[in-house]
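> Need coordinates for the below:
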Amino acid sequence: MTGPAPKPDNEVARLRALSEYRILGSKPEESFDNITSMAALICHAPIALISIVDHDRQWFKSKVGLETEETPRDWSFCAHTILSPKPMIVEDALFDDRFKDNPLVKKDPHIRLYAGFPLQTNRHHRIGTLCVIDRMPKSLTSTQYKIMERLAAQVVTLLELRKRSLSLLDEFCRLHQQKGMLCSCSYCRQVRDSQGTWHPLEEFMMRHSTLNFSHGICESCMEEHFPDVAAQQEQVV
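The predicted model follows:
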């Protein structure tokens, strides 16, 4: 039956877990954009999204082929996906009773294929999805399915790294309260020094502590953990 998805049984805890990542409203980041680009490439889909399901909206941390920043949760395919740990594949939304009257199907972007892979934390909170969308009905191959599962897991890894970095920054601020207030940007996470110059979080903390940071996926790890993606990239090049 057409209509919004019901709320998960653990909705209160899920939203609390989501808030810990401080991801909503943050600026685009290359590490996330790389994943949506790969998802669109691998699945030959015009649209790929990292969608975060908030209280009453779905907000896109990263997007390919779509201009809008968010849509109402009541319209969200992803709100249905987070009800289960398993991916949700809708081969043709026009023939799915849940979605055939959905504004995102009847109007732009005219969804026909939707393939959503839940972003599940290590505490089993599904905070959003990695999804691909097409304007024509089709399905995913078994290879595409497996790659999307791995890419969704990588999104969760990036979110966990982000949360740890912010937690370390919070602890660093507490340790330096005696020396004065440490100012950080709520959006890009840069830190302002005593001269008023802004620095990336990792750079600032490496200067003022013994901590070291490194983020990203090197070519060797890409080949080891995402061999199918690496192979597809080589073919494109």
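
> Next, the most centrally placed residue in the chain: phi, psi?
Centroid-nearest residue in the chain, with Cα atoms, centre = their mean: Ile50, separated by 3.7 Å. Main-chain dihedrals, Ile50, degrees, to the nearest 10: phi -100, psi 110.

> just checking, it touches Ser62?
Yes: here Ile50 lies in contact with Ser62, judged by Cβ atoms under 8 Å, at a distance of 4.3 Å. Where you see a C-beta, it was placed from the backbone N, CA and C, and this is true even at glycine.

> what touches both of these two?
Applying Cβ atoms under 8 Å, 6 or more residues apart in numbering, one finds that Ile50 and Ser62 are jointly contacted by 32, 35-36.

> out of these, who has the most neighbours?
Thr36 (25 neighbours; other Cβ atoms under 10 Å).

> and it, what does it touch?
Thr36 sits next to 48-50, 62-64, 130 when contact means Cβ under 8 Å, 6+ apart.

> Now, the shared contacts of Ile50 and Ser62 that are in helices?
Of the shared contacts of Ile50 and Ser62, the ones assigned to helices by DSSP state H are 32, 35-36.

> for the residues you listed, which one is nearest Ala230?
Ile35 (13.8 Å; Cβ to Cβ).

> residues contacting the closest one?
50, 62, 130, 151, 154-155, 158.

> cool, and Ile82?
8, 14, 53, 118, 126-129.

> Neighbour-wise, give me the winner out of those residues.
Gly128 (32 neighbours).

> quick one: what helix or strand has that one in it?
If you go by DSSP states H and E, Gly128 is part of strand 126-134.

> Beyond that strand, next helix or strand please.
helix 142-175.

> Would you mark the buried spots in that following helix?
144, 147-148, 151-152, 154-156, 158-159, 162-163, 165-166, 168-169, 172 (16 or more other Cβ atoms under 10 Å).
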